[in-house]
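Colleague: sequence first, then the predicted structure:
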Amino acid sequence: MNPETWKILLEYFDYRQFLHQNPPLRLACIFGIVCLALGAVRVLWPWVQRKFEAFMERKYEQASGSGGKSGEAPVEPMDFSMYERVMLHLKRLFYVGIISWGARMLVLAPVYANALATIFNIVCTVIAIALVAAIVPFNLDIYMRRHGETLKTSQSRSLMPIVTGLIWAMGLTFLLDNLGFRVSSIVAGLGIMGVAVGLAGKAILEDFFSYIVILLDKPFRIGDHVELKSGKAGDVEYMGPKTTHLRSLEGDLIVCANSEMTTNTIVNLGSVSERPVVLELGVAFEMPLDVVKRVPDMLREAVEAFPTCSFDRACMLSFGSANYMFQLIYVVHEPDIRSFQMTRSDVNLAIQQKLNDEHVLGAYPTTHMFMTDQPGGLLGPTPPAPQTTTPVAAAKAEQAAQAGAKAAPGSGSAS
């Protein structure tokens, strides 16, 4: 319906015919019913809101009591700003629906009835689209709150403008189709344009879809410490539609494409609440065996001195080239990678201090060299000289030695 049609309708509206078709009593009844309905909505709406809030609180308590995460700070059952937006659009839809009903009760010429129907269809459709666009993030936020998270603190909020745009696009397409426009031509044109944009920005679209995969699969979150296959490592600081930002332990900002984050192997060190540590150390062979046996107890005492550490086991693992090899395993209850590294460093220093207090020596590589003073500088001990005595002479010498040993006491007593 073009502007000229509206101008003609307004210029040639016959008030006398309208009053003849709709007597004053009928108009008064329709007007009274519409006003009563609008007043009832206005009066009862706060009560409906309170009942709905109480219902949401009960549902939240049931969900958080059965599947909520322990140890986390509780969150509110819903985002009240989103809730007010949903209720506002819903109330507007009720108001427009009541007024539309009153307009349909009037007896009008077909052209005027169609015009009013078109107006109310446009208004109701726009309000309904806005209502759906408000309900989708509201329900998503409620679902996330029941699992200890909110939409505003989650990376999923980055997709909300896209979701809202799709809802408005589908709603307006439906509205234009009902108004008689040729939507198929518009959709075909948009499809051709989309193909051209996709071919021109292939890399950008690849990173964008990788971003959606990251949001849905959640291999890491903001604050996690990740290591990539390429050797890059850092805390996840930002996740955007195109890139992901990592902050290294040295403070450098590492910008990675989202496609790199989804195609490479990622080691996530930030999604655990405790980290095991395996430490091997050597004790010199020169230490007494009773001291060596007490080394596991020394290691246990050093680890248990830290409240954030749990001792697992310590044992002699093997014999080294110059030492006894001991293995210590303990668990550090620190989710933050920096705190974990500092705690591990403190434990290592405490272990060294404990071994120093007990006078336990560590082993280090040594080399023993045996030198001789003979010409040629042979290494190692001097070999024995070859024997030239015959077996017979050796037997006679042994007998003479035995006879001398027997005669020695007698000669001593005679003197």
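Modeller: Alright, I've got the coordinates.

Colleague: P23: neighbour count?
Modeller: 11 (other CB atoms under 10 Å). For glycine as for every other residue, the C-beta is placed from the backbone atoms N, C-alpha and C.

Colleague: and if you look at F326?
Modeller: Per other CB under 10 Å, the neighbour tally for F326 reads 21.

Colleague: could you verify my assumption that T125 touches L175?
Modeller: Yes: under the criterion of CB atoms under 8 Å, T125 makes contact with L175 at 4.6 Å.

Colleague: which residue ranges of the stretch 201-350 of the chain form helices?
Modeller: In the stretch 201-350 of the chain, the helices defined using DSSP state H, counting those that start in this stretch lie at 202-217, 258-263, 289-293, 295-304, 337-357.

Colleague: format the ones you listed as CSV; extra columns: mean pLDDT, distance to A169 and mean neighbour count.
Modeller: Below are those laid out as CSV (pLDDT from 0 to 100; distance: least, CB to CB, whole Å; neighbours: other CB atoms under 10 Å):
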stretch, mean pLDDT, distance to A169, mean neighbour count
helix 202-217, 80, 17, 15
helix 258-263, 84, 24, 18
helix 289-293, 89, 76, 11
helix 295-304, 91, 60, 18
helix 337-357, 88, 43, 15
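
Colleague: what's the closest of the ones you listed to R42?
Modeller: R42 lies closest, by CB to CB, to one member of these: helix 202-217, at 40.8 Å.

Colleague: that closest one packs against which elements?
Modeller: Here helix 202-217 is seen to pack against strand 233-239, helix 258-263 when contacts are counted using 3 or more CB pairs under 8 Å, 6 or more residues apart in numbering; DSSP states H and E.

Colleague: so D235 touches T244, yeah?
Modeller: No: with contact defined as CB under 8 Å, D235 does not count as touching T244 (11.3 Å).

Colleague: least trustworthy helix or strand in the protein by mean pLDDT?
Modeller: Lowest on mean pLDDT, DSSP states H and E among the helices and strands of the chain sits helix 391-414, with a mean of 55.

Colleague: go through the helix or strand harbouring T125 and flag the buried ones.
Modeller: According to DSSP states H and E, T125 maps onto helix 110-145. Judged by neighbour count using 16 or more other CB atoms under 10 Å, the buried positions of helix 110-145 are 115, 120, 123-135, 137-138, 140-142, 144-145.

Colleague: can you report phi and psi for the spatially most central residue of the chain?
Modeller: The centroid of the chain falls nearest to R221 when counting by CA atoms, centre = their mean (2.8 Å). Dihedral pair for R221: phi -130, psi 170, per degrees, to the nearest 10.

Colleague: got a list of what the closest residue to it other than its chain neighbours touches?
Modeller: Of all residues not flanking R221 in the chain, V236 sits nearest, at 6.7 Å (CB to CB, 6 or more residues apart in numbering). Residues in contact with V236 (CB atoms under 8 Å, 6 or more residues apart in numbering) are 220-226, 244-246, 270.

Colleague: tell me which of those residues is nearest to Y95?
Modeller: Set against Y95, the nearest of those by CB to CB is I222 (41.7 Å).

Colleague: give me every residue that touches the closest one.
Modeller: I222 touches 155, 236-239, counting by CB under 8 Å, 6+ apart.

Colleague: and the pLDDT for it?
Modeller: I222 is assigned 81 on the pLDDT scale.

Colleague: identify, from the contacts of V236, the entry nearest to I204.
Modeller: Closest approach to I204 among these (CB to CB): T244, at 14.6 Å.

Colleague: re the thing from before, and the residue nearest to the centre of the chain, how far is that from I167?
Modeller: R221 sits 27 Å away from I167, going by CB to CB, to the nearest Å.

Colleague: could you do C124 as well?
Modeller: Distance, C124 to I167, using CB to CB: 16 Å.
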